[in-house]
Each structure stands twice: as C-alpha cells, then as structure tokens.
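Participant: any chance you can model this:
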Amino acid sequence: MKRDMGVVRQFLLAIEAVPSGVQFDISRDEYRGQFPELNNLEVREYFILIEQAGFLHGASSSKGGFWCRGLSWEGHDFLAAIRSDTVWDKMKDKVYELGATVPLSIIRELGLKYGREYFGLS
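Facilitator: Below is the predicted model:
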C-alpha cells in the first residue's frame, strides 16, 4: 500500500473531532463511514502507520478493531501544521511539483513553512 498523506490527515481530523472521554473506534459505523474509499485492510494499515508515527494516544487493537483515546502531543502538533486547507493545498502543490514520495519530516517542515506564511510570520 502506498501511503497517502491526505488519508493520514483525514484520520487525524476525525480522531481530533471525537469528544474527550470517548474512544475513536474505527469499527463503529459513524467513524468507519468517513473512509469509504478504504477497505478494512487499508484502514488497519493506516491506523498502524499513524500509531507508529507517534500520533496516537492510548492506541490499541484486537481482532477486527482499532481504537485510541485521541491524538498524542505529536499528533496535535502535526495536525496543527497541516490543518488549514490553504496550507494543505500549497503543500500538496509543492510535493506534486517535486514529483516524489516525500518523508513525513519534509511534510511537517512544509506545513510549518506554509503555516508561517499563512499567519504572516515569515
């Protein structure tokens, strides 16, 4: 499976939107329905990738289920860097221009760079 950072961003936004004290459980219809383009194996793979990146807090899994208590500090920081649609679109354009798969560290840096520009801090 090729990693799609748009899907990663979509996961992070969905997890962040869950109220405090409620677990994000991807097997629940209300959450699973947010990812109709993914089959169950792809959902599992993305959940594992996002957990491995250190973006999830209290992540766990069992046969057929994946849940977490929310985003980690790192997950919140990364999402803050790529949340704005304006920043996200500029970043996607830059990555497309480069024509390559880009490591997470570069995506984070691009998000911060364009975020600073968006807020007039550069």
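Participant: okay, CA-based contacts and neighbour counts for the rest of this
Facilitator: Noted.
Participant: from the chain's centre, how far out does the lowest-mean-pLDDT helix or strand in the chain sit?
Facilitator: Every helix and strand in the chain was compared by mean pLDDT, DSSP states H and E; the lowest is strand 60-62, with a mean of 75. How far strand 60-62 lies from its chain's middle: 19 Å, per C-alpha atoms, centre = their mean, to the nearest Å.
Participant: contacts for the next helix or strand along the chain from it, please.
Facilitator: The helix or strand immediately downstream of strand 60-62 is strand 65-68, counting by DSSP states H and E. Contact with strand 65-68 is made by 23-27, 44, 47, 56-61, as judged by C-alpha atoms under 8 Å, 6 or more residues apart in numbering.
Participant: so which of these belong to strands?
Facilitator: Among these, DSSP state E puts 24, 25, 56, 57, 60, 61 in strands.
Participant: quick one: contacts for the third one?
Facilitator: This points to residue 56. Applying C-alpha under 8 Å, 6+ apart, the residues near residue 56 are 50, 68, 69, 70, 71, 72, 75.
Participant: which two in those residues are spaced the farthest apart?
Facilitator: Longest distance between any two of the contacts of residue 56 is 13.5 Å, between 50 and 69; criterion C-alpha to C-alpha.
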